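fold the stuff below for me.
(2 chains)
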2 protein chains.
Amino acid sequence: MRLSRYFLPILKETPREAEIVSHRLMLRAGMIRQQGQGSFSWLPLGKRVLDKVCRIVREEQDRAGALEILMPTIQSAELWRESGRYDDYGKEMLRIKDRQDRDMLFGPTNEEMVTEIFRSYVKSYKDLPLNLYHIQWKYRDEVRPRFGVMRSREFLMKDAYSFDLDYASARAAYNRMFVSYLRTFTRLGLQAIPMRADTGPIGGDLSHEFIILADTGESQVFCQRDFLSLPVPGEDTDFSDDAEIGRIVKEWTTPYAATDEMHDEAAWERIPEAERLSARGIEVGHIFHFGEKYSKPMGAKVAGPDGKDHFVSMGSYGIGPSRLIAAIIEASHDENGIIWPESVAPFDVALINMKAGDADCDSACDGLYAALTAAGRDVLYDDTDQRPGGKFATADLVGLPWQVIVGPRGAASGEAEIKNRATGERSTVPLAEVAARLSGKPA
Amino acid sequence: MRLSRYFLPILKETPREAEIVSHRLMLRAGMIRQQGQGSFSWLPLGKRVLDKVCRIVREEQDRAGALEILMPTIQSAELWRESGRYDDYGKEMLRIKDRQDRDMLFGPTNEEMVTEIFRSYVKSYKDLPLNLYHIQWKYRDEVRPRFGVMRSREFLMKDAYSFDLDYASARAAYNRMFVSYLRTFTRLGLQAIPMRADTGPIGGDLSHEFIILADTGESQVFCQRDFLSLPVPGEDTDFSDDAEIGRIVKEWTTPYAATDEMHDEAAWERIPEAERLSARGIEVGHIFHFGEKYSKPMGAKVAGPDGKDHFVSMGSYGIGPSRLIAAIIEASHDENGIIWPESVAPFDVALINMKAGDADCDSACDGLYAALTAAGRDVLYDDTDQRPGGKFATADLVGLPWQVIVGPRGAASGEAEIKNRATGERSTVPLAEVAARLSGKPA
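I've put the predicted structure just below:
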């Protein structure tokens, strides 16, 4: 993409309303624009990151056997009356009346609707296990939305829902999502630690939050350092092997880890001090097992192998892709801007023409643009007439993993400078070798 | 995907509430589920089609130079008061109050919001032309939603918005979207005819609807048969060549074409009778040029080359991917079910194991599944213990382009039967050649 044809509204000044670094950087890098209290548009650069995050989330859901659907944002109040949550949910639920004065709501979550889908079609244990997920906009009318997309009112959520015949298989479904989440966060460049958690308005008796450590985190967390060196399950993980998946979950739930609310000071004291890690954390995922909480009042049951009807045992599993992007930035930035992990970077390479209009520079850059694109890299090509200093600042701010810099001297000697955004390392490379160097394969 | 692990709730009976064939077939094929009046969930099969349609729409928007963003569904009433549409829009707008009693709405369209984005950042004609689009859920509180996703209340819409310095460049932007739409519909397997149209609540002075012909169409349309043989612009179309794009638009707007509202009986009578085509039509896209209708009241202006401020000249361009899917089915089905165009089929191949559990059949099918998948085809593998008749009926109903059928006799002789869903043509092929035959390349 040529920057001259792109829409990248960089802000020179730091927006005053932004309290945390991710919010500041997302506004300054032209990723988002605030449209109202807790409401944001995703501008082209932000939209690209959102797509990449959703893609990874989706791939890992699919790998774990979940099936993608898409439920509407607006729900009927009737469904929520069936579960009893219409009255329970409180003011965070955005309640709406249509032109016929029917009660509706903008879904903050979808347990009721997906249970309705399930009970309409599934009648036998033979069709289990089933896990349906969707990635859809949710709304929570927060009293005080803040921190940009970290706590907005309208936000994107991946929510999965599992249906099983009994507790043992529901627990296996829970474990698959647990392991899927470990893989998801690792692929996003995050180190997430699962912690036992409160179940809140979703309900149930078993729940884990996935927390990443960041100084700006909203809550205090306590865990053993062991987590930092636990191996993350690989691509070849066999999600059909309940025992193996259970073993991984066991490994990841044995060291001590707790959020403030669930913290057990006595247990904490028993851990050797050098092993203790007390830090600020950001929640990036939350999974729940809640058994029959919805299936019973809503009549979601299947015939078991015993010929009798059983209410299905359910769980739900949430990741907020919009929130995740803020979390990634909180965990990966410096004083000059964002440092994207390769997997979610909006483009792979910032190609900087230091003197657009100069025939040699243009020709060298056009050649690099073509070669890098042909090598499968997404390139943001700064072909504008801005001055070099501004271009460097923009490249650092938007934080693409690689910068390829061409000035008149380099163009004349047939060389470009390659800069690694994360390490700051620079090297000078013949123009003809740049694409191979950045293709991920050895030159 | 193995059908035994998929969620494909086929309905045996025709749902009574469905008045048109696309609605009936989408319910029967387990693509959608109604969640309320004019509100639908997309089940796994439907979601796959929706993704494929969106992908084509997106590729053609990008090719024409539009940039993807994503605006929120909920909008502030303030913005709509600036344009004057908050009071004008009527009861189709879903009006909402938040917990602080602020007026909000579920966006039926985004002219105001995108104009606000534009005016916040763009100050000079040098940053034009600009075309921003998004694919987002919209809501129109229809008095009588019906025909399934053809006229639902919550629906997916791709809406693009162009900003230009003056009428001539705005007209060029309009033409690019016009040509982009021709390509989009053709890739979706549809023959769409552009017709001059009323501008309705969007406003403006120039507008075309893109109409496909189908017996079940909602409106009467009149056009010359010439349209059926006009060449559709190819992949190599140069969208930066205003003259060439203008020539294509001219070619596609010269023959007579009008919806009922815009029909000119006198002009119609002058066309030779053999050339006249009067039929039912379905609107699948709508484009508008409306100049300063929003930029003026909302103060969206840029400095021109003359140093003076100019209100930008705008247009908007809509395609409804959810509605499109119904239109595709209306245009392509038979008495047994849907016939998907290859480009949007949820899977490419239905692999039918006529006797699951039979060692030879299982082994032949497992081999075909692996070979077809390796050849890049998406396969829905019916490995269930249903009887062959039911499997054939399901395969015809869901309408994948190819069926590969393996029974005990074929498995023994090392052959499969290949059936083309559209033509009904069958051929017997050695197992080892099936993947090559269906890979799109010569065997």
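
please count neighbours and contacts with C-alpha atoms only from this point.
Will do.

which ones are touching A:Leu351?
Shown in contact with A:Leu351 (C-alpha atoms under 8 Å, 6 or more residues apart in numbering or on different chains): A:365, A:369, A:379-382, A:403-406.

let me have the residues you listed in CSV, extended by distance to B:Lys419 and secondary structure.
Output for the contacts of A:Leu351, formatted as CSV (distance: C-alpha to C-alpha, whole Å; DSSP: H, G, I helix; E, B strand; the rest coil):
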residue, distance to B:Lys419, secondary structure
A:Cys365, 51, helix
A:Tyr369, 45, helix
A:Val379, 43, strand
A:Leu380, 46, strand
A:Tyr381, 48, strand
A:Asp382, 51, strand
A:Gln403, 52, strand
A:Val404, 52, strand
A:Ile405, 55, strand
A:Val406, 56, strand
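
please pick the buried ones from those residues.
Buried subset of the contacts of A:Leu351 (neighbour count, 16 or more other C-alpha atoms under 10 Å in any protein chain shown): A:365, A:369, A:379-382, A:403-406.

please name every helix or strand in contact with the strand ranked longest in chain A.
Longest strand of chain A, by residue count under DSSP state E: strand A:276-291. The contact analysis (3 or more C-alpha pairs under 8 Å, 6 or more residues apart in numbering or on different chains; DSSP states H and E) places strand A:276-291 against helix A:167-187, strand A:206-213, strand A:219-224, strand A:313-319, helix A:321-331.

who's in contact with the residue nearest to A:Gln35 when sequence neighbours are not counted?
Counting by C-alpha to C-alpha, 6 or more residues apart in numbering or on different chains, A:Ser41 is the residue found nearest to A:Gln35 once chain neighbours are left out, at 6.6 Å. Residues in contact with A:Ser41 (C-alpha under 8 Å, 6+ apart) are A:32-35, B:69-72.

please apply the same query to A:Asp358.
Here A:Asp358 is in contact with A:Pro408 (C-alpha under 8 Å, 6+ apart).

again with the one 3 residues further on
Contact partners of A:Cys361, counting by C-alpha under 8 Å, 6+ apart, are A:353-355, A:406-408, A:411.

which of the residues you listed ranks first by neighbour count?
In terms of neighbour count, A:Asn353 stands highest of these at 29 neighbours, by other C-alpha atoms under 10 Å in any protein chain shown.

got the phi/psi numbers for that residue?
Dihedral pair for A:Asn353: phi -90, psi 110, per degrees, to the nearest 10.

please tell me how far it sits from chain B.
Per C-alpha to the nearest C-alpha, to the nearest Å, A:Asn353 is found 19 Å from chain B.

state the distance from the closest residue in space to that residue that isn't next to it in sequence to B:Ile212.
Setting aside the residues directly before and after it, A:Asn353 is nearest to A:Val406 in space (C-alpha to C-alpha, 6+ apart), at 5.3 Å. From A:Val406 across to B:Ile212, the span is 50 Å (C-alpha to C-alpha, to the nearest Å).

cool, A:Arg171 as well?
On the measure of C-alpha to C-alpha, A:Arg171 and B:Ile212 end up 50 Å apart.

between these two, which is the more surrounded one?
Each of A:Arg171 and B:Ile212 has its neighbours counted (other C-alpha under 10 Å); B:Ile212 has more, 25 against 21.

what does stretch A:165-184 contact?
Contacts of stretch A:165-184 (C-alpha under 8 Å, 6+ apart): A:56-57, A:60-61, A:63-64, A:125, A:128-129, A:162-164, A:192, A:232-234, A:239, A:242, A:245-246, A:248-249, A:285, A:287-289, A:291, A:302, A:304, A:310-315, A:317.
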